[in-house]
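Sharing a sequence plus its predicted fold:
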Amino acid sequence: MFYSLIIAVLNRPDEVRECLDSLTLQTHKQFEVVIVDGSQDDGLKSLVMGFATQLDIKYFFIKGLGPGESRNYGCEQAKGDFFLFLDSDCIIPSKYLEIVDGFLKENPLDAYGGPDAAHESFTPLQKAISYTMTSIFTTGGIRGKKRHIGQFHPRGFNMGISRKVFEVTRGYSGLRAGEDIELSMRIIRAGFKTGLIPEAFVYHKRRTSLKKFFRQVYRFGVARINIYKLHKNELKLTHFFPAAFLIYCVIMVLSLFFLHDLFELMAGFLCFYILAIFIDSSTRNRSIYIGFLSILTTFIQLSGYGWGFLKNAWKRIVMGDGDGVKI
């Protein structure tokens, strides 16, 4: 099968170079790379086209194009049987396409997703964020795990769809965050078969600062309400956890001034939760330092997502603001 690897880029040349470097090592050679650049200028063009002797590569520059729009445009230019969406901050293992191709031959799917992992070269902060984004204690382990509630929803950092799926769904909507989840919902509603390829993982780089990470998860929280407005039955109990965590922490702090017994009880439960995260992350990453960082990134993820979720829920659901929170 011939694959079109579609990568939406927005600056970040070092990460784009790493991603393309990893694609030159693929053991399955039947693929092209379609780069759609939404940056303010085409400064990445020379970098991308420098790989033209090693890769079947196309570069398109359209200033200000969002991630979903970029991927849709890439699909329109692609010649593959399957369109693969990869984030520009991913490093792709050399056997990735070989694994995907072998799996799809044995287990035909209309759309698939794969997990993400932390590469050994990542910084301790990136590894801590990676843990937080995938841990059973924070996201319920829903990203790239074998067990799911209902049909598997592929995520855009590591996702493939058939040409037919794109022709029927017309690809991504106009959402600027959560657009991959919304597309997966429409794919499933259209009757297509989706699934996880557990071994088709990518090394997904995370934000390089806590401030950038907070902004990212805040946008995810806002986007979850926007998705709910489009798909009413897709808001699950797990999506309320970050908001509940944030409210719990606020009540705990307030109780310190008024209800000391309540504060001690709530602080005790929170300490057990923190300890579980520290032990699990330290063990998985074989680093006490990353374990401590994971406590910090967990608080940032849950509070950022929870605040975005609550703020947009207030505006769109309670106040009836059709536009909601801008992201």
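Cool, the structure landed.

Give me the distance between residue 325 and residue 9.
Note on residue 325: its distance to residue 9, by Cβ to Cβ, to the nearest Å, is 26 Å. Placement of C-beta: from N, CA and C, glycine included.

With neighbour numbers in mind, choose between these two.
residue 9 (24 against 20; other Cβ atoms under 10 Å).

which residue packs closest to the more buried one, ignoring adjacent ones?
What sits nearest to residue 9 in space, not counting adjacent residues and going by Cβ to Cβ, 6 or more residues apart in numbering, is residue 88, at 4.5 Å.

my guess is that neighbour is in a strand, correct?
No. Assessed with DSSP: H, G, I helix; E, B strand; the rest coil, residue 88 is coil; it does not lie in a strand.

isn't it right next to residue 14, touching?
No. Residue 88 is beyond contact range of residue 14, at 10.2 Å (criterion: Cβ atoms under 8 Å).

who has more neighbours, the two?
Shown here are residue 88 and residue 14; by other Cβ under 10 Å, residue 88 has more neighbours (23 against 11).

Can you name the residues that contact the more buried one?
The contact partners of residue 88, taken as Cβ atoms under 8 Å, 6 or more residues apart in numbering, are 7-10, 12, 15-16, 19.

Then residue 222?
177, 308-309, 311-312, 324-325, 327.

give me that answer again for 7 Å
177, 308, 312, 325, 327 (Cβ atoms under 7 Å, 6 or more residues apart in numbering).

Off-centre distance for whichever strand or helix holds it?
Per DSSP states H and E, residue 222 falls inside helix 210-230. Its chain's C-alpha centre and that of helix 210-230 lie 11 Å apart, by Cα atoms, centre = their mean, to the nearest Å.

just the strands in the chain please.
Under the criterion DSSP state E, the chain contains strands at 3-9, 31-37, 57-61, 82-86, 90-91, 111-113, 116-117, 158-162, 194-196, 202-204.

For burial, what's the neighbour tally of residue 303?
Quick note: residue 303 (other Cβ under 10 Å) scores 20 neighbours.

Could I get the contacting residues of the residue nearest to it when sequence neighbours are not counted?
Leaving aside its sequence neighbours, residue 303 sits nearest to residue 246 (Cβ to Cβ, 6+ apart; 5.1 Å). By Cβ under 7 Å, 6+ apart, the residues touching residue 246 are 302-303, 306-307.

Any of those residues buried? List them.
Applying 16 or more other Cβ atoms under 10 Å to the contacts of residue 246, the neighbour count classes 302-303, 306-307 as buried.

What is the nearest of those to residue 65?
residue 307 (28.4 Å; Cβ to Cβ).

Would you agree residue 1 is in contact with residue 84?
No. Look at residue 1 against residue 84 with Cβ atoms under 7 Å: they stay out of range, at 10.8 Å.

who's more crowded, the two?
Legend: neighbour count by other Cβ under 10 Å for residue 1 and residue 84, higher for residue 84 (25 against 14).

That one and residue 160 touch, don't they?
Yes. Applying Cβ under 7 Å, one finds residue 84 in contact with residue 160, separated by 4.4 Å.

Next, count neighbours for residue 315.
Neighbours of residue 315 (other Cβ under 10 Å): 18.

any idea how far the helix or strand bottoming out on mean pLDDT in the chain is from the chain center?
Across the helices and strands of the chain, mean confidence by mean pLDDT, DSSP states H and E is lowest for strand 116-117: a mean of 85. Taking Cα atoms, centre = their mean, the mean C-alpha location of strand 116-117 is offset from the chain mean by 10 Å.

name the helices or strands packed onto it?
If contacts are counted by 3 or more Cβ pairs under 7 Å, 6 or more residues apart in numbering; DSSP states H and E, strand 116-117 sits against strand 202-204.

Swap in 10 Å and give it another go.
helix 124-134, strand 202-204 (3 or more Cβ pairs under 10 Å, 6 or more residues apart in numbering; DSSP states H and E).
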